[in-house]
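Peer 1: build the 3D model from these lines:
(2 chains)
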Amino acid sequence: MTNDPLDNRIQELTWRGKLSAEQEAELRAWLAAHPEAQAEHDVQIALNEILAALPDAPLSSNFTARVMRSLEAEALRGEKPRRGFFAYLPPIHRLLPKAAVVALTIAVALISYEQVRQAHRRQIARAAVVVSEVASIPDPKILEDFDAIRAMSQAPPADEELLKLLQ
Amino acid sequence: MADELDVDAALMLRVKQGDHSAFAELVDKYKQPVMNLVYRMLRDATEAEDLAQNVFLQVHKSASRYQVSAKFSTWLFTIARNLCLNEIRRRSRHPADPLDAPHPEREDEPLRQFEDSKTASPPESVLHGELEEKIEDALAGLPENQRTAILLCRQDELSYEDIAEVLGCSLSATKSLIHRGRETLKLKLKLYLRTGVWGKSSK
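Peer 2: Have a look, this model is predicted:
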């Protein structure tokens, strides 16, 4: 395309196959004023004729009938009720079965966790009972005379026969 | 041309009201122009016809959105081009079976067959097989937007502004596409343009 708007306009006129009488007149006038452009114009016209002469693409003779049949088939598909109970439900309610499964899974998990926790607490409680049954620990003050007690524990054993005679 | 617009708009108004006969009229009127565009964008007659059918089905589905102020043919060709581009993109992701692949049950027949229902060319413009093949190959070798612009240029009812709307680009960009596409075609077909039956002077 050139920078001359008139040249471009003439070129654009040439591209179109059919020109009005006014457009034809404008084109002829321009070519008369620019004879050097005649050869290029001839090539453009030849290209137009080639493109215009391209054969139509192959098309089935019953194309329209097939389109209308497809339309009817789509219309029937739209009217047919969808199968399955859940298909009738609004979309949000189709989530309910899945939500129920999820809720059940969570409930089972929570129950299991609670049972494990209870068992652990029972175990701890049993251990506490065992500890509580152990003899009470003496007052630590007793241990202040530890040395005296130790010495006493080392005293000779009692004379059993003498004790019997004295009784 | 204004009368043409009124006819199409009137038909579409009837289509919007559920008139199937009006829609059939529109299909009859535009089936060949749509098929010509789609065929030369996809280069496969069977797929082109399937897609051309889908174009009209899409038009019918979208009838409620059609505005009378819009030119029907522009709207129609926009839908056709968009569906073609979708198919081309799909092909690039999933290469199709070769056209000459054998039928799985009848090995002597190709997988795809289509009716040989070419419409008659105008008697004054008989194209030789070789020339026609050259032109088709030259067109197929153009970038998609240039090819589409040139093919739409063949539609007399579409102005340059309409073509720009279909292509989704500016008027100047559209004219540039047409210019560049034609320059490429001239180079590829110069032998036939200057020495062949098409080397005619202007009237």
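Peer 1: please parse chain A into its domains.
Peer 2: A:5-52, A:85-133 (automatic domain parsing).
Peer 1: looking at chain A, which helix or strand is least sure?
Peer 2: helix A:146-153 (a mean of 68; mean pLDDT, DSSP states H and E).
Peer 1: quick check: mean pLDDT across the helix or strand where residue B:74 lies?
Peer 2: Assigned by DSSP states H and E, residue B:74 belongs to helix B:72-93. Mean per-residue pLDDT for helix B:72-93: 93.
Peer 1: give the other helices and strands that it contacts.
Peer 2: helix B:2-16, helix B:20-42, helix B:45-61, helix B:144-153, helix B:160-167 (3 or more C-beta pairs under 8 Å, 6 or more residues apart in numbering or on different chains; DSSP states H and E). In this view, the C-beta of every residue, glycine as well, is placed from N, C-alpha and C.
Peer 1: quick one: stretch B:7-15 near chain A?
Peer 2: No: Stretch B:7-15 does not reach chain A (C-beta under 8 Å from any C-beta of the partner chain); its nearest approach is 10.6 Å.
Peer 1: centroid residue for chain B?
Peer 2: For chain B, residue B:37 is the residue whose C-alpha lies nearest the centre (C-alpha atoms, centre = their mean; 0.7 Å).
Peer 1: the inter-axis angle of the helix holding residue B:74 versus helix B:2-16?
Peer 2: 70 degrees (axes from the mean of the first three to the mean of the last three C-alpha atoms, to 10 degrees).
Peer 1: okay, the helices and strands packed on helix B:72-93 in a markdown table with mean pLDDT next?
Peer 2: Formatted as a markdown table, the helices and strands packed on helix B:72-93 follow (pLDDT from 0 to 100):
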| stretch | mean pLDDT |
| --- | --- |
| helix B:2-16 | 83 |
| helix B:20-42 | 96 |
| helix B:45-61 | 95 |
| helix B:144-153 | 95 |
| helix B:160-167 | 96 |
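Peer 1: of those helices, which is nearest residue A:158?
Peer 2: For the helices and strands packed on helix B:72-93, the distance to residue A:158 is smallest for helix B:45-61, at 116.6 Å, taking C-beta to C-beta.
Peer 1: show residues contacting the closest one.
Peer 2: A:57-60, A:63, A:66-67, A:70-71, A:74, B:15, B:23, B:26-27, B:31, B:34-35, B:38-39, B:41-42, B:75-76, B:79-80, B:83-84, B:87, B:96, B:112-114 (C-beta atoms under 8 Å, 6 or more residues apart in numbering or on different chains).
Peer 1: may I see the PyMOL selection of the buried members of those residues?
Peer 2: In PyMOL syntax, the buried subset of those is picked out as below (16 or more other C-beta atoms under 10 Å in any protein chain shown):
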select buried, (chain A and resi 57+58+59+60+63+67+71) or (chain B and resi 15+23+26+27+31+34+35+38+39+41+42+75+76+79+80+83+84+87+112+114)
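Peer 1: tell me the pLDDT of residue A:99.
Peer 2: 87.
Peer 1: quick one: neighbours of it, just the number.
Peer 2: 11 (other C-beta atoms under 10 Å in any protein chain shown).
Peer 1: packing partners for the helix or strand harbouring it?
Peer 2: Assigned by DSSP H and E, residue A:99 belongs to helix A:96-133. Contacting helix A:96-133 under the criterion 3+ C-beta pairs under 8 Å, 6+ apart is no other helix or strand.
Peer 1: what parts of chain A come near chain B?
Peer 2: Contact residues (C-beta under 8 Å from any C-beta) of chain A with chain B: A:1, A:8, A:11-12, A:15-18, A:31, A:38, A:41-47, A:49-61, A:63-64, A:66-68, A:70-71, A:74.
Peer 1: and those, which of them are buried?
Peer 2: Using 16+ other C-beta under 10 Å, the buried ones in these are A:11, A:15-16, A:31, A:41-47, A:50-51, A:53-55, A:57-60, A:63-64, A:67-68, A:71.
Peer 1: show the average pLDDT along stretch A:43-55.
Peer 2: 89.
Peer 1: CA atoms of that stretch as PDB?
Peer 2: Coordinates of the C-alpha atoms in stretch A:43-55 are reproduced here as PDB (Å, rounded to 0.1, in the frame of the first residue of the first chain):
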ATOM      1  CA  VAL A  43      -2.700  -8.100 -12.700                       C
ATOM      2  CA  GLN A  44      -5.000  -7.200  -9.800                       C
ATOM      3  CA  ILE A  45      -8.000  -7.700 -12.100                       C
ATOM      4  CA  ALA A  46      -6.700 -11.100 -13.100                       C
ATOM      5  CA  LEU A  47      -6.200 -12.100  -9.500                       C
ATOM      6  CA  ASN A  48      -9.800 -11.000  -8.800                       C
ATOM      7  CA  GLU A  49     -11.000 -13.200 -11.600                       C
ATOM      8  CA  ILE A  50      -9.100 -16.100 -10.300                       C
ATOM      9  CA  LEU A  51     -10.400 -15.700  -6.800                       C
ATOM     10  CA  ALA A  52     -13.900 -15.200  -8.100                       C
ATOM     11  CA  ALA A  53     -13.700 -18.300 -10.200                       C
ATOM     12  CA  LEU A  54     -12.800 -20.600  -7.400                       C
ATOM     13  CA  PRO A  55     -15.400 -23.300  -7.300                       C
END
